[in-house]
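Chemist: below are the sequence and a predicted model; questions follow.
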Amino acid sequence: MPSSSGPRTLDTTGNPGHRPDSRTTRERRLYRAVAARIKRARHAAGLSQTEMAKSVGMTRGAYANLEMARYRILLEHLYKIADACQVDVKGLLPP
């Protein structure tokens with residue numbers, strides 16, 4: 001029987017994920033900070049969202065959702081993004 005807590009979201013792989021409102025304030029801040037750093041790195045590398053999505057192995061829409069912190073990013077995607085932008089993965093994480 002489905003839960004009455006509302007619809008579940010899908011993560012970047014299409015699997016059920018956590019509802020965005022189930023995250024703590026600290027988690028939301030963390031994912032927004034990572035998303036902002038990813039977007040800055042992509043711009044600095046001169047890549048479009050479409051180009052980045054292709055290099056990461058996802059659709060442009062799913063990638064755009066990562067940049068808007070709508071999904072929790074997978075570590076493998078974080079490393080692929082760092083490689084595509086030619087930055088150290090540590091540079092995509094907040095201090």
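Modeler: All right, it came through fine.
Chemist: where does residue 63 fall, secondary structure wise?
Modeler: helix 60-67 (DSSP states H and E).
Chemist: how many neighbours does the residue nearest to residue 50 when sequence neighbours are not counted have?
Modeler: Counting by Cβ to Cβ, 6 or more residues apart in numbering, the nearest residue to residue 50 once its immediate chain neighbours are dropped is residue 60, at 4.8 Å. In this view, the C-beta of every residue, glycine as well, is placed from N, C-alpha and C. By the criterion of other Cβ atoms under 10 Å, residue 60 has 14 neighbours.
Chemist: surely residue 60 is in contact with residue 53?
Modeler: Yes: using Cβ atoms under 8 Å, residue 60 is in contact with residue 53, at 4.5 Å.
Chemist: how about the helices in the protein?
Modeler: For the chain, applying DSSP state H gives helices covering 25-45, 49-56, 60-67, 75-85.
Chemist: who's in contact with the first one?
Modeler: Counting contacts by Cβ atoms under 8 Å, 6 or more residues apart in numbering, the residues outside helix 25-45 that touch it are 20, 23, 49, 52, 66-69, 72-73, 78, 81-82, 84-87, 91-94.
Chemist: quick one on the thing from earlier: need the helices of the chain in a markdown table with mean pLDDT, can you?
Modeler: Shown next, in a markdown table, are the helices of the chain (pLDDT from 0 to 100):
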| stretch | mean pLDDT |
| --- | --- |
| helix 25-45 | 95 |
| helix 49-56 | 96 |
| helix 60-67 | 96 |
| helix 75-85 | 97 |
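Chemist: residue 53 against residue 65, yeah?
Modeler: No: counting by Cβ under 8 Å, residue 53 sits too far from residue 65 to count as a contact (10.4 Å).
Chemist: look up how far residue 77 lies from the residue most central in space within the chain.
Modeler: Nearest to the mean C-alpha position of the chain, by Cα atoms, centre = their mean, lies residue 66 at 2.8 Å. In this view, residue 66 and residue 77 are 7 Å apart by Cβ to Cβ, to the nearest Å.
Chemist: same question, residue 25
Modeler: Using Cβ to Cβ, we find residue 25 at a distance of 24 Å from residue 77.
Chemist: of these two, who's got more company?
Modeler: Shown here are residue 25 and residue 77; by other Cβ under 10 Å, residue 77 has more neighbours (19 against 7).
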